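**Q** Give me a 3D structure for the following:
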Amino acid sequence: MKNIEVIQDFHRRAGKRQKLIIMPEKDDARIQDAARIVKDEHIARILLLGKEDLEKEKIEKFAQAFYETRKHKGVTLEEAKTTVSNPLYYAAMMVKAREADGFVAGAANSTPDVARAAIYCLGVDPAINTVSSCFIMVLPDTSFGENGVLFFADCGIVPQPTAVQLAQIAISTAGLAEDVLGISPRVAMLSYSTKGSAKGELVDKVREATRLAKQQRPDLLIDGEVQLDAAIVPEVATIKDMHGALGGRANVLIFPSLEAGNIGYKLTQRLGKARAVGPLLQGLNRPASDLSRGALVEDIVDTVAVTALRA
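**A** Numbers count the residues shown, from 1 in each chain. From the prediction side, this is the model:
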């Protein structure tokens, strides 16, 4: 399946579900164009939000709910009201209240702002305990990953994940791969070392994360520590990781740091001509997605479609 066919399949499957997705950056021209395409192609139902669209009664209701969940952090009711009067937080509270199925933002807001709104309003999934982000990379070369589709994490949230956090990111991303593509995830815990070819604290962290992830989800195929080429190229795997479980066929790549993940996805996108869908936020109680502030209209449409699929 060519990369455009994969994207079209996302759109088609999302269209069957007709979920309501909130986009709280109404004044951005790219958001307006993307919303028009989503509506015209019947990918999802869209609600654009600007400051002028917020309802006074709902602000009061959302402020009370936000206050109840954040008062232990010293947030006052008046501060809660100011916070949910921001369209970004108002959208997140709509999702929390199940008045919408998910929200997509980030064209005009920074990743930290979008992540905070999602975490504070939607809450962290207690089964995971780590919020992270994932990109779905759709490559023109279908020999990699799952017919050209790879899941990259974490590329936007946790700068230096601990072994425990890496394990949780791996489990979250495997779940996303199952939910969105319906595939059996083959998870590679990436490092600059393959099965002891190098030593050091960074290698030890990835090795421990692999152990923890396998312990928590023994049903998943997770292996590491492994270098990128051994993870995705079968010919290299036969040399570097002859007895490894992945066989150079990984479709989920877990990077050891945010720095590595962010650089990796942008290299793949720009040099490999891949379509990058996301970042999709993981580890929350309800679906939410961030956008790169450099996102193109087509990127926004794709992210809306996948958010709808997750809802």
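**Q** my guess is residue 252 meets residue 170, correct?
**A** Yes - the criterion here is CB atoms under 8 Å, and residue 252 meets it with residue 170 at 7.4 Å. The way it works is simple: take the backbone N, C-alpha and C, and place the C-beta from them, glycine included.
**Q** Identify the contacts common to those two.
**A** Taking CB atoms under 8 Å, 6 or more residues apart in numbering as the criterion, residue 252 and residue 170 both touch 153, 187.
**Q** Strands of the stretch 1-150 of the chain, start to end?
**A** With strands called from DSSP state E, counting those that start in this stretch, the stretch 1-150 of the chain shows them at 20-23, 45-48, 102-104, 132-138, 149-153.
**Q** for the stretch 151-300 of the chain, that is, sorry about that
**A** Using DSSP E, counting those that start in this stretch, the strands assigned to the stretch 151-300 of the chain run over residues 186-190, 221-226, 252-254, 275-282, 288-289.
**Q** Highest mean neighbour count across these, which stretch is it?
**A** Stretch with highest mean neighbour count among those: strand 252-254 (a mean of 30; mean count of other CB atoms under 10 Å).
**Q** partners of that one, with directions?
**A** strand 149-153 (parallel), strand 186-190 (parallel) (DSSP bridges).
**Q** Report the inter-axis angle for the last one versus strand 221-226.
**A** Put plainly, it is strand 186-190. 20 degrees (axes from the mean of the first three to the mean of the last three CA atoms, to 10 degrees).
**Q** Residues touching strand 186-190, excluding its own?
**A** Here strand 186-190 makes contact (CB under 8 Å, 6+ apart) with 166, 170, 173-174, 206, 209-210, 213, 220-228, 231-232, 246, 249-256, 260.
**Q** contacting residues for the residue most central in space within the chain?
**A** The structure's the chain has its C-alpha centroid closest to residue 280; by CA atoms, centre = their mean the separation is 2.3 Å. Taking CB under 8 Å, 6+ apart, we find residue 280 in contact with 133, 134, 135, 136, 176, 289, 290, 303, 306, 307, 310.
**Q** ok, of these, which one's closest to residue 275?
**A** residue 136 (8.3 Å; CB to CB).
**Q** OK, contacts around the closest residue to the closest one other than its chain neighbours?
**A** Computed as CB to CB, 6 or more residues apart in numbering, the closest residue to residue 136 that is not its neighbour in sequence is residue 277, at 4.1 Å. Residues in contact with residue 277 (CB under 8 Å, 6+ apart) are 7, 10, 135, 136, 137, 138, 299, 302, 303, 306.
**Q** Please repeat the previous calculation with a cut-off of 6 Å.
**A** Contacts of residue 277 were listed using CB atoms under 6 Å, 6 or more residues apart in numbering, and they are 136, 302, 303, 306.
**Q** again with residue 139
**A** By CB under 6 Å, 6+ apart, the contact list for residue 139 reads 148, 272, 274.
**Q** quick revisit: bridged to the residue nearest to the centre of the chain, which residues?
**A** Applying DSSP bridges, one finds that residue 280 bridges with residue 134, residue 289.
**Q** For it, give its distance to residue 97.
**A** Per CB to CB, to the nearest Å, residue 280 is found 22 Å from residue 97.
**Q** now residue 4
**A** In terms of CB to CB, residue 4 sits 36 Å off from residue 97.
**Q** burial count for residue 141?
**A** Residue neighbour count, defined by other CB atoms under 10 Å, stands at 11 for residue 141.
**Q** Any figure for the gap between the closest residue to it other than its chain neighbours and residue 67?
**A** The shortest distance from residue 141 to any non-neighbouring residue, by CB to CB, 6+ apart, is to residue 148 (6.1 Å). Per CB to CB, residue 148 is found 47 Å from residue 67.
**Q** Neighbour count: these two, which is higher?
**A** Comparing residue 148 with residue 67 by other CB under 10 Å, the one with more neighbours is residue 148, at 21 against 18.
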